[in-house]
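Participant: let's see this in three dimensions:
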Amino acid sequence: MNAELLDIMFHHGKNFERGKDGKWTYTPDNRHCLGDLDVDRLDVFYLRNYFKELGYETMKEVWWQVPGMSLEVGLRRLDSDNELRELCSHGGKNNGVVDVYIEHGISEPEIVQGEDVVVHVDDEVKDLGEQAKSNARMVKDPLSNLPPRRTLLGV
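Facilitator: The predicted structure follows:
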């Protein structure tokens with residue numbers, strides 16, 4: 001008996017954006033095909049964590065697209081075994097191919113204290129050098145100028 005095989009096209013590197021025509025796009029669309037996967041051995045956690053294999057440290061969400069549907073109506077969150085079964089079922093009806101999108105989200109700033117000042121911008125690391133270090137020393141406590149917080153009771 002032949003096992004059913006599936007090819008998963010991972011789209012990675014950016015996020016969903018609304019194009020000039022008002023339709024959702026995924027830009028830039030970097031692609032990586034993970035091929036000849038036995039559907040009986042697929043694991044939702046393996047697919048959700050595949051972003052690490054592509055060189056990313058974090059992701060916001062993983063989506064799969066129902067074949068033949070637009071991004072606006074065809075995206076489904078890949079977060080359960082039931083969704084994985086649906087993905088496999090649709091892939092079997094689409095010549096064994098399913099598109100999976102990795103949503104990266106917005107990078108969170110990392111606050112670093114110490115001698116070195118490093119800023120993470122869009123997954124790139126930039127050393128701001130001596131000027132930034134001296135600027136950081138000039139700002140002792142930026143929150144000290146704020147008025148005291150009030151509670152809902154006004155206290």
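Participant: contact partners for Glu103?
Facilitator: 15-16, 59-63 (Cβ atoms under 8 Å, 6 or more residues apart in numbering). For glycine as for every other residue, the C-beta is placed from the backbone atoms N, C-alpha and C.
Participant: list only buried entries from the residues you listed.
Facilitator: When the contacts of Glu103 are checked for burial by 16 or more other Cβ atoms under 10 Å, the buried set is 59, 62-63.
Participant: can you add distance to Phe51, pLDDT and secondary structure and give those back as TSV?
Facilitator: Converted to TSV, the buried ones among the contacts of Glu103 look like this (distance: Cβ to Cβ, whole Å; pLDDT from 0 to 100; DSSP: H, G, I helix; E, B strand; the rest coil):
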residue	distance to Phe51	pLDDT	secondary structure
Met59	4	89	coil
Val62	8	95	strand
Trp63	12	95	strand
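Participant: between the two ends of stretch 11-24, how far is it?
Facilitator: End-to-end distance of stretch 11-24 (Cα to Cα, to the nearest Å): 14 Å.
Participant: name the residues of that stretch that come out as buried.
Facilitator: In stretch 11-24, counting by 16+ other Cβ under 10 Å, buried: 11-14.
Participant: from those, which is closest to Cys33?
Facilitator: Set against Cys33, the nearest of these by Cβ to Cβ is His11 (10.5 Å).
Participant: hmm, Thr27 and the closest one touching each other?
Facilitator: No - counting by Cβ atoms under 8 Å, His11 does not reach Thr27; the two are 10.0 Å apart.
Participant: for the longest helix anywhere in the chain, packing partners?
Facilitator: The single longest helix within the chain, with elements called by DSSP state H, is helix 81-92. Helix 81-92 sits against strand 5-12, helix 44-48, strand 75-77, strand 97-103, with contacts defined as 3 or more Cβ pairs under 8 Å, 6 or more residues apart in numbering; DSSP states H and E.
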